[in-house]
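*Asks:* just the structure for this:
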Amino acid sequence: MKAWSEQLTDRSTVHVEDLIRRSLVAAGLLVGFALPASGQDTSPPVIFQHFETTYDNQVSRAADIFLAGYGSVWVPPAGRASTGSGSVGYDPYDRFDLGQWDDRTLHGTEQGLRAFADKFERAGGAVIVDLVWNHNGFQYDDTPGFLESGGYPGLVTRDPSGDGNPQGVPGTNGDFHSPFDGGFDARFIGLIDIAHENNVQLIRNPVEPNNPLNIAPGSQPFNGRVANLPTPNNARFYPDRDLDPIFVYNPATGQQDIAIYPFNTEDPTAGDWPAQRPAVHRPNHRPGRGPRCRPR
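*Replies:* Residues are numbered from 1 along each chain as shown. Here you go, the predicted structure:
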């Protein structure tokens with residue numbers, strides 16, 4: 001019988017030889033495989049929330065933001081707020097009014113936003129503009145003087161009467177849910193909820209005066225503003241049907257070859273606004289639940 005020390009020596013020798021054999025096998029398996037020299041970061045660039053500032057400041061800091069490693073910048077809603085130029089923008093009044101040099105929003109002007117987006121995108125970044133589709137501001141048709149001013153640009157707080165009365169049908173809610181609705185249709189902290197299921201056929205940004213399908217224009221200012229006045233400049237809100245469209249398919253209805261025309265960025269005034277007949281109420285219209293309208 002071997003001594004304990006001799007047994008230990010034999011085991012140690014076998015253990016070392018086994019390790020060597022395993023190492024050689026592992027090395028052979030690795031031959032031909034290219035190992036990365038270092039780890040690679042495949043995560044998307046960080047989004048920078050840049051709210052408490054102006055477009056002018058963002059233009060001047062665009063290089064700093066990019067060099068810090070941010071791939072995109074998230075900015076608050078750019079449209080005109082219902083509570084004035086001191087609002088961040090989550091109580092929309094006019095989503096298409098981005099501010100002018102003599103009438104700025106809290107963040108600046110349309111030209112300032114364009115300048116920032118152009119500068120940051122040229123560096124390979126992206127500008128993400130927040131939008132609010134669920135609600136508008138705090139004013140409604142029971143706000144003194146608001147209905148007479150035209151209400152919200154592009155939206156109606158009452159159903160069209162069909163007889164040319166700009167006041168609409170009393171007791172109805174137009175593009176919005178009733179103030180008595182609850183659940184998901186309720187007003188959030190007093191902000192009126194948009195009824196997306198409704199379909200009032202109107203020219204929302206009127207170009208020609210006296211078109212019977214124009215949204216009712218305002219007749220007197222509210223907080224210094226009159227809404228829904230016809231102007232040729234509104235043509236920029238419509239696509240140009242002289243340009244080549246794309247064609248899409250609607251899987252919900254089965255409709256094919258639906259033409260979608262682009263906007264004319266070279267000549268925005270070339271947009272073609274709709275020319276439809278006045279909307280009329282369906283016989284089963286229910287007051288207080290929004291419009292049930294269709295073209296004649």
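
*Asks:* low-confidence regions, the stretch 151-296 of the chain specifically.
*Replies:* Applying pLDDT under 70 to the stretch 151-296 of the chain flags residues 164, 275-296.

*Asks:* how close does the closest residue to residue 133 other than its chain neighbours get to residue 177?
*Replies:* Distance criterion CB to CB, 6 or more residues apart in numbering; nearest residue to residue 133, sequence neighbours excluded, is residue 194 at 7.1 Å. Every C-beta, even on glycine, is put in place using the N, C-alpha and C of the backbone. Per CB to CB, to the nearest Å, residue 194 is found 8 Å from residue 177.

*Asks:* buried set for the lengthiest strand in the chain?
*Replies:* Identified as the longest strand of the chain according to DSSP state E is strand 70-75. For strand 70-75, a neighbour-count test (16 or more other CB atoms under 10 Å) marks 70, 71, 72, 73, 75 as buried.

*Asks:* and that strand, C-alpha only, in CSV?
*Replies:* These are the backbone C-alpha positions of strand 70-75, laid out as CSV (Å, rounded to 0.1, in the frame of the first residue of the first chain):
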residue,chain,number,x,y,z
TYR,A,70,-28.5,62.4,-26.9
GLY,A,71,-30.1,61.1,-30.1
SER,A,72,-33.4,62.9,-29.9
VAL,A,73,-35.0,65.8,-28.1
TRP,A,74,-38.6,65.7,-26.7
VAL,A,75,-40.3,69.0,-26.6
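
*Asks:* who does it pair up with?
*Replies:* strand 46-49 (parallel), strand 126-129 (parallel) (DSSP bridges).

*Asks:* counting neighbours, what do you get for residue 107?
*Replies:* Residue 107 has 26 neighbours, counted by other CB atoms under 10 Å.

*Asks:* is it true that it touches residue 77?
*Replies:* No: taking CB atoms under 8 Å as the definition, residue 107 is not a contact partner of residue 77, at 9.2 Å.

*Asks:* quick check: neighbours shared by those two?
*Replies:* Shared contacts of residue 107 and residue 77, defined by CB atoms under 8 Å, 6 or more residues apart in numbering, comprise residue 89.

*Asks:* start and end of stretch 127-139, how far apart?
*Replies:* 30 Å (CA to CA, to the nearest Å).
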